[in-house]
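Q: Sequence first, predicted coordinates after that:
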Amino acid sequence: LLAENVYVGIYIVNIGKFDISTGNFTIDFYLTLKTDKKPEYPLDTFEFMNGRATHSEKIYTEGDNLIQYRILANLASPVDLRRFPFDEQTLSIIIENKKYKTDQVRYIIIENETGIDEM
């Protein structure tokens, strides 16, 4: 069985409540999931591996090939302060499929649909 490609775009609207001691943060973003062909499984079978969504609203669908969500989530990423005050932190959004293994579903970033709002 070949891996199914799911293309993912994440457009961040707001990041808030970043706790430097725990790495916890809140995030408000749009999530786009799409495929080139009818997928073998529903696109909406994803979950966050580094936290959970507190609110998720499906805002657009196009057949079985495209779904867009507006999501509010509480997530966490490791914090490394060894270079403080010149450190940089990476706040990750980690998704995986709930039902299928990573050798069955491969998430690929859509570069031109991924970004951060200039607020």
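A: Nice, I can see it. Numbering: from 1, shown residues only.

Q: In the chain, where is pLDDT below threshold?
A: Scanning the chain for pLDDT under 70 picks out the ranges 1-2, 39-41, 119.

Q: Quick check, central residue of it?
A: I93 (4.5 Å; CA atoms, centre = their mean).

Q: Please identify the helix or strand for that residue.
A: Under the criterion DSSP states H and E, no helix or strand holds I93.

Q: how close does it get to S77?
A: Between I93 and S77 the computed distance is 9 Å (CB to CB, to the nearest Å). From N, CA and C alone the C-beta is placed, and that goes for glycine too.

Q: Give me the common contacts of the two.
A: Common neighbours of I93 and S77, counting by CB atoms under 8 Å, 6 or more residues apart in numbering, are N50.

Q: pretty sure S56 contacts I71?
A: Yes - if you go by CB atoms under 8 Å, S56 and I71 touch, sitting 5.0 Å apart.

Q: okay, the two: which has more neighbours?
A: I71 (20 against 14; other CB atoms under 10 Å).

Q: Contact partners for the nearest residue to the residue nearest to the centre of the chain once chain neighbours are set aside?
A: Nearest non-adjacent residue to I93, counting by CB to CB, 6 or more residues apart in numbering: I10, 6.0 Å away. Residues counted as contacts of I10 (CB under 8 Å, 6+ apart) are F29, Y30, L31, T32, I93, I109, T114.

Q: Report the secondary structure element holding I10.
A: Going by DSSP H and E, I10 is part of strand 4-16.
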